[in-house]
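Engineer: predicted model and sequence follow; I will ask about them next.
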Amino acid sequence: MNIFKKQSRLKWSVGALIVLVISAGLVGFANDDKRNFSIVKNLDIYYTLFRELNSYYVDDTDPEKLIKKSIDEMLESLDPYTTYIPEDDMEDFKFMTTGEYGGMGSLISRQGDYVVIAEPYENSPAHLAGLKAGDKLLEVNAVNVVGKPTSEVSDLLKGPANTPLKLKIDRPGQSKPMTIELIRRKISINPVPYYGMISDKTGIIILDNFTQNCAQEVSKAFIDLKENRGAQNFVLDLRGNPGGLLDEAVKIVNLFVPKGSQVVSTRGKVSQWDKVYRATSEPLDTISPLVVLINRGSASASEIVGGSLQDLDRAVLIGQRSFGKGLVQTTRPLSYNAKLKVTTAKYYIPSGRCIQALDYTHRNEDGSVGMIPDSLITEFKTSGGRSVFDGGGVSPDIKMENKKYGNISYALVAQNMMFDFATQFVLENEKIDSPENFEITDQIYEKYKQYVANKNDFKYQSATQDALKKLKEVAKREDYYKKSETEFDQLEKLLTLDVQKDLNIFRPEVSKLLASEILKRYYHQKGAIKFALQDDEEVGKAQTVIENPAEYNGILNGTVLSHAGDKINTQQAN
């Protein structure tokens, strides 16, 4: 960087600080307030420190980088959701809230020195141009990208709609590199990746994110299932949905509850911003049985939808306790097109409970935060009088154990053993059965076992081995290891993993994961979802409950005991 540019950036940073100091000073002296004087004092210290550091530090410094680091560290001390968004990151922020960006429409991942096409979206420019999962990117618009960070390659791939993109790729099975040209376009990720029938009477809608217009997509799916496919019961799947826009959550609840119903309220430091959100439109359906699926990954707006429908006795919740994010963020404009996403309030669902699980205002001595203590957990009532509790997310009416995979499955996915095998599988198989009929046969699985066996760099440890490793470390510190070294060695040999044996033991779960990876190559994400739904235990339970009126209505009217009303269970789930 040349001196002129560096000085300009320094002037920008220091100038911004001076403006802050002057502004804070005016407020402080006008109010003659001790707190505001403290702000002026500490900003002045910060400015003088930064000036001295920049002048006398032994090496050249990057002013923007230092300021960004200090801002991030400051905000991190508050909560994970209050963040600074510089101008350079506004495109990513826009994608998070709208689900739209300009590009080619594909997931990418890193393998060694290469950025690889992981999954072209169906009917995207990448898909229509012929890009395939497993293609290694060599050049993007004549820029060599081998060895470059994934984020840098992603920036090169994105750009304004209707602009050209020329890619040089290395495709498995091809002897030399290929060139693929395409035109970027506005990519819109549908927040409803799939909806369909899981039985003759019951339809399911999967919602991945609460981006702009997601309520409209849920509404379209609901109407199609009800009017064109004969659905009488409905399952809304919010598992793994991290949340998003509050207004969209309110609109989705409004689809199923009467106009005027209170959905959520927000309360914070600035009382003028406190607000009650109600259903403002006529609903689609207030009668048809409804189940909402949630898990530990269901957060924020997902918890508003699930919790509000539970509080209003409109839906039965099935799954695991939700994440527990009851904090509201507001985006505030800053200088130079930057933004501050700041936590301004907590939200409260109709029963009056707040589902925030972690207490960021009272930290432990080490700076960590803890769960809301049991002594502060309060009982609330749903519209029909069922007991529900605050302080730790939304507890489902029917709690199910979370599916846990073996260490070998995690290792196979993390080390691309499934991804790379699927790439090779596609080269050898032009087509496969439909998602409903496809299976990993004995023949395919034996090929996979041999594929893994030939990969000498595949490594993994069992949870037992991890525990033994930690035990050995403790034994060495306490001087017990030498006395029992023989026994430790024998136990270590006993626990030595046999990959082929474990592939047989964990075949059911490995086969499911492998089938999903293969199906995405032929039928995209929808195909993988269709396959997974066939033996999804939580979906199966939802179907059983929703098609049994006595059980379904019994949970909603309180005659059938549910986990949401079990205070002991609620507290243990924390």
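Structural biologist: Yep, that arrived.
Engineer: stretch 74-93: end-to-end distance?
Structural biologist: End-to-end distance for stretch 74-93: 20 Å, by CA to CA, to the nearest Å.
Engineer: report the buried residues of that stretch.
Structural biologist: By 16 or more other CB atoms under 10 Å, the buried positions in stretch 74-93 come out as 75, 79, 82-86. Every C-beta, even on glycine, is put in place using the N, C-alpha and C of the backbone.
Engineer: would you map the helices across the stretch 151-300 of the chain?
Structural biologist: Assigned by DSSP state H, counting those that start in this stretch, the helices in the stretch 151-300 of the chain fall at 214-228, 246-254.
Engineer: most packed of the ones you listed?
Structural biologist: Most buried of the helices of the stretch 151-300 of the chain, by mean neighbour count (mean count of other CB atoms under 10 Å): helix 246-254, with a mean of 23.
Engineer: tell me the SS of Glu551?
Structural biologist: Glu551 carries the three-state label helix when classified by DSSP: H, G, I helix; E, B strand; the rest coil.
Engineer: per-residue pLDDT, it?
Structural biologist: On the pLDDT scale, Glu551 is placed at 96.
Engineer: repeat that for Asp32.
Structural biologist: pLDDT, read off for Asp32, is 58.
Engineer: low-scoring pLDDT stretches of the chain, where are they?
Structural biologist: Where the chain drops to pLDDT under 70, the residues are 1-32, 96-97, 99, 362-370, 561-574.
Engineer: if we ignore the residues flanking it in sequence, what's nearest Leu376?
Structural biologist: Among residues not flanking Leu376 along the chain, Gly391 sits closest, at 6.3 Å (CB to CB, 6 or more residues apart in numbering).
Engineer: what about the one you found, neighbour count?
Structural biologist: Using other CB atoms under 10 Å, Gly391 has 23 other residues around it.
Engineer: host element of it?
Structural biologist: Gly391 belongs to no helix or strand when elements are defined using DSSP states H and E.
Engineer: report the residue ranges of every domain in the protein.
Structural biologist: Taking automatic domain parsing as the reference, the chain has its domains at 3-77, 100-188, 194-402, 407-541.
Engineer: deepest-packed of those, please.
Structural biologist: Of all the domains of the chain, domain 194-402 carries the top mean neighbour count, a mean of 19, counting by mean count of other CB under 10 Å.
Engineer: centre of the chain to it, how far?
Structural biologist: Its chain's C-alpha centre and that of domain 194-402 lie 15 Å apart, by CA atoms, centre = their mean, to the nearest Å.
Engineer: what residue lies at the spatial centre of this structure?
Structural biologist: Geometric centre of the chain, nearest residue: Pro242, 4.9 Å, by CA atoms, centre = their mean.
Engineer: touching, that one and Arg296? I think so.
Structural biologist: No - Pro242 lies out of contact with Arg296 (CB atoms under 8 Å); the separation is 11.2 Å.
Engineer: what sits in contact with each of these two?
Structural biologist: Phe323 (CB atoms under 8 Å, 6 or more residues apart in numbering).
Engineer: any idea which strand is longest in the protein?
Structural biologist: In the chain, with assignment by DSSP state E, the single longest strand is strand 339-348.
Engineer: ok so, going back, any idea which of the helices of the stretch 151-300 of the chain gets closest to Asp457?
Structural biologist: Asp457 sits nearest to helix 214-228 of all these, at 41.9 Å, using CB to CB.
Engineer: show me what the closest one is packed against.
Structural biologist: Counting contacts by 3 or more CB pairs under 8 Å, 6 or more residues apart in numbering; DSSP states H and E, helix 214-228 packs against strand 194-197, strand 202-206, strand 233-237, helix 246-254.
Engineer: in a markdown table: the ones you listed, plus distance to Phe425.
Structural biologist: Formatted as a markdown table, the helices and strands packed on helix 214-228 follow (distance: least, CB to CB, whole Å):
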| stretch | distance to Phe425 |
| --- | --- |
| strand 194-197 | 23 |
| strand 202-206 | 26 |
| strand 233-237 | 28 |
| helix 246-254 | 39 |
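Engineer: still on that earlier bit, of the domains of the chain, which is nearest Tyr552?
Structural biologist: For those, the distance to Tyr552 is smallest for domain 194-402, at 5.4 Å, taking CB to CB.
Engineer: how long is the closest one end to end?
Structural biologist: End-to-end distance for domain 194-402: 22 Å, by CA to CA.
Engineer: any chance you could list what contacts stretch 258-267?
Structural biologist: Residues contacting stretch 258-267 (CB under 8 Å, 6+ apart): 246, 249-250, 253-254, 257, 273-283, 286, 304, 308, 312, 328, 345-350.
Engineer: if we use 6 Å, what do you get?
Structural biologist: The contact list for stretch 258-267, computed with CB atoms under 6 Å, 6 or more residues apart in numbering, reads 250, 253, 274-279, 282, 286, 304, 308, 328, 345, 347-350.
Engineer: now stretch 173-187
Structural biologist: Residues contacting stretch 173-187 (CB under 6 Å, 6+ apart): 100-105, 125, 129, 138, 159, 161, 163-171, 427.
Engineer: let's see 7 Å
Structural biologist: Defining contact as CB atoms under 7 Å, 6 or more residues apart in numbering, one finds that stretch 173-187 is touched by 100-105, 124-126, 129-131, 138, 159-171, 427.
Engineer: next: stretch 123-139.
Structural biologist: Here stretch 123-139 has contacts from 104-106, 114-121, 145-146, 153, 167-172, 177, 180, 182-185, 187, 423, 521, using CB under 7 Å, 6+ apart.
Engineer: and the two most separated of the buried residues of stretch 74-93?
Structural biologist: Longest span within those, CB to CB: Asp79 and Pro86, 19.5 Å.
Engineer: now do the same contact list for Asp208.
Structural biologist: Applying CB under 7 Å, 6+ apart to Asp208 gives the contacts 191, 193, 241.
Engineer: which residue packs closest to the last one, ignoring adjacent ones?
Structural biologist: In this case it means Asn241. Once flanking residues are discounted, Asn241 sits nearest to Ser302: 4.3 Å by CB to CB, 6+ apart.
Engineer: for the first one, same thing?
Structural biologist: Counting by CB to CB, 6+ apart, the nearest residue to Pro191 once its immediate chain neighbours are dropped is Cys214, at 4.0 Å.
Engineer: verify the stated contact: that neighbour with Glu248.
Structural biologist: Yes - counting by CB atoms under 7 Å, Cys214 does reach Glu248; the two are 5.0 Å apart.
Engineer: circling back: just tell me which of the helices and strands packed on helix 214-228 ends up closest to Tyr360.
Structural biologist: Proximity to Tyr360, assessed across the helices and strands packed on helix 214-228 by CB to CB, is greatest for helix 246-254 (19.3 Å).
Engineer: and the closest one, what does it pack onto?
Structural biologist: helix 214-228, strand 262-268, helix 301-311 (3 or more CB pairs under 7 Å, 6 or more residues apart in numbering; DSSP states H and E).
Engineer: run through who's touching it.
Structural biologist: Residues from elsewhere that reach helix 246-254, judged by CB under 7 Å, 6+ apart: 210, 214-215, 218, 263-264, 277, 279-281, 283, 301, 304-305, 308-309, 328.
Engineer: if we go to 6 Å?
Structural biologist: Under the criterion CB under 6 Å, 6+ apart, residues 210, 214-215, 218, 263, 277, 279, 281, 301, 304-305, 308 lie in contact with helix 246-254.
Engineer: tilt between it and helix 214-228?
Structural biologist: Between helix 246-254 and helix 214-228, the angle comes out at 20 degrees (axes from the mean of the first three to the mean of the last three CA atoms, to 10 degrees).
Engineer: quick check: angle from helix 246-254 to strand 262-268?
Structural biologist: Using the same axes, to 10 degrees: helix 246-254 against strand 262-268 is 150 degrees.
Engineer: may I have helix 246-254 as CSV, with CA atoms only?
Structural biologist: Extracted in CSV, the C-alpha atoms of helix 246-254 (Å, rounded to 0.1, in the frame of the first residue of the first chain):
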residue,chain,number,x,y,z
LEU,A,246,-39.3,-10.9,12.8
ASP,A,247,-42.0,-9.5,10.5
GLU,A,248,-42.0,-12.7,8.4
ALA,A,249,-42.4,-14.8,11.6
VAL,A,250,-45.4,-12.8,12.5
LYS,A,251,-46.9,-13.3,9.1
ILE,A,252,-46.4,-17.1,9.2
VAL,A,253,-48.1,-17.3,12.6
ASN,A,254,-50.9,-15.1,11.1
